[in-house]
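Q: fold the following for me, if possible:
(one chain, ligands or ions: 2)
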Amino acid sequence: MTRKANPRTPTTPGSVDAIRERLVRVLPALEVGMALPLIAEIEQLKHERNAVVLAHNYQTPDIFHGVADIVGDSLALARRAVDVDADVIVLCGVHFMAETAKLLNPSRTVLIPDQRAGCSLAESITAADVRALRAKHPGVPVVAYVNTSAAVKAEVDVCCTSGNAVEVVESLGVSKVIFLPDRYLGQHVATQTKVELILWDGACEVHERFTGEEVRAFRQQHEGVFVLAHPECPQDVLVEADFVGSTAAMIDAVARARPPEVVMITECSMSDNVAVEFPDVRFTRPCNLCPHMKRITLPGVRDCLRDLSGEVRVDAGVAARARRSVERMLLVGQRRAA
Ligand code: 13P
Ligand code: SF4
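A: Ligands and ions are numbered 1, 2, ... in the order given. Below is the predicted model:
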């Protein structure tokens, strides 16, 4: 599994012509025409506020190709958040991603354009649940997927993303680990390691809807299609896939294989965003929309930059302990790279 991130270089401030050129490759001309005045406004506000926009791979193309300075999977966004020296970070993604950016770069103002952009995984477990798990399994270390609240991160030993979960689990050097909250990611990790995993019963409401039957039917209709699936999908989907990995790893896999036809079993905007980079590859459905990611819109980005609204704050005591769990995760990657 490739774990390389896929960050894009920053947009030159005010380069709306270059943005138009990119957008016409992914959106109908009418939509581009409607988006451009807002994009120009946002570019100006970014300049005035000394702000950068970080966007997850599931953001809509107008945000991803229009206003984002840095794009990537959860791991890339966390890594890049550490080094941001702008005064303001606008996180176009869901709340746990904005919280992670705040934990890693606490002196910056971190804004999220819609505070309601949550995640079914993050909502599936509380700090009290983690304490109860520890009491039930004394001495067993806890690995938390970053799709958790800061309060949960504060209770665990180390975080992971879908891009480094196996590596993080194995870095602990123990035979048994509590892995939370995604049971499907946990089941997938369990197929890649000898470490015994105690799982929590959380799931992503977007990925758990895919079925193996759906993938098999799709393959029959599209002979030779290259199937990529996110590890938040159920096991019966993952066994049907040609490649399983994080959103960034999926992009890398397409870049390497350059298959004529691809289906990404994940959130719908992925294919829209990635297709621009690979004009020779046909991207087809099925896909499912994440309602939380879709709460982030261009007007929302404009408003939060204009009003400095949607600031993400984390209680100082919680932040200190949660930061330690996220930084331990980043250290695992650094040790591998060294
Ligand atoms: P990635 O870390 O693979 O980008 O996934 C984040 C996420 O929320 C997937 O649903
Ligand atoms: Fe959470 Fe699933 Fe949406 Fe990702 S796609 S943010 S895991 S609900």
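Q: okay, now Ser15: neighbour count?
A: Neighbours of Ser15 under the rule other CB atoms under 10 Å: 11. The way it works is simple: take the backbone N, C-alpha and C, and place the C-beta from them, glycine included.
Q: roughly how far apart are it and Lys46?
A: 12 Å (CB to CB, to the nearest Å).
Q: in the stretch 1-150 of the chain, what residue comes closest to ligand 2?
A: Relative to ligand 2, the nearest point of the stretch 1-150 of the chain is Cys119 (3.2 Å; CB to the nearest ligand atom).
Q: that residue contacts His292, doesn't it?
A: Yes. Using CB atoms under 8 Å, Cys119 is in contact with His292, at 5.8 Å.
Q: neighbour count winner among those two?
A: Cys119 (25 against 22).
Q: wait, what's in contact with the closest residue in space to the more buried one that isn't next to it in sequence?
A: With sequence-adjacent residues excluded and distances taken as CB to CB, 6 or more residues apart in numbering, Cys119 is closest to Val94, at 4.8 Å. Neighbour list for Val94: His56, Ala117, Gly118, Cys119, Ala122, Cys290, His292, Met293 [criterion: CB atoms under 8 Å, 6 or more residues apart in numbering].
Q: list the residues that contact the second one.
A: Spelled out, it's Ala117. Gly93, Val94, His95, His292, Met293, Arg295, Ile296.
Q: distance of it from ligand 1?
A: According to CB to the nearest ligand atom, to the nearest Å, Ala117 stands 11 Å off from ligand 1.
Q: kindly report the same for the first one.
A: According to CB to the nearest ligand atom, His56 stands 6 Å off from ligand 1.
Q: likewise the third one?
A: Summarising the geometry, the distance separating Gly118 from ligand 1, computed by CB to the nearest ligand atom, is 11 Å.
Q: what's the local residue count around that residue?
A: Considering only other CB under 10 Å, Gly118 is surrounded by 16 other residues.
Q: for Ile265, which residues are in contact?
A: Residues in contact with Ile265 (CB under 8 Å, 6+ apart) are His207, Phe210, Val215, Val227, Leu228, Ala229, His230, Cys233, Val237, Ala241, Pro286, Cys287.
Q: could those go into CSV alongside pLDDT and secondary structure?
A: Formatted as CSV, these follow (pLDDT from 0 to 100; DSSP: H, G, I helix; E, B strand; the rest coil):
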residue, pLDDT, secondary structure
His207, 98, helix
Phe210, 97, coil
Val215, 96, helix
Val227, 97, strand
Leu228, 97, strand
Ala229, 98, strand
His230, 98, coil
Cys233, 98, coil
Val237, 98, helix
Ala241, 97, coil
Pro286, 87, coil
Cys287, 91, coil
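Q: restrict the residues you listed to those near ligand 1?
A: His230 (CB under 6 Å from any ligand atom).
Q: which one of the contacts of Ile265 is nearest Cys160?
A: His230 (14.6 Å; CB to CB).
Q: now for the closest residue to the closest one other than its chain neighbours: which residues touch it?
A: With sequence-adjacent residues excluded and distances taken as CB to CB, 6+ apart, His230 is closest to Thr266, at 4.2 Å. Residues near Thr266 by CB under 8 Å, 6+ apart: Tyr58, Val206, His207, Leu228, Ala229, His230, Cys233, Thr247, Met250, Cys287, Asn288.
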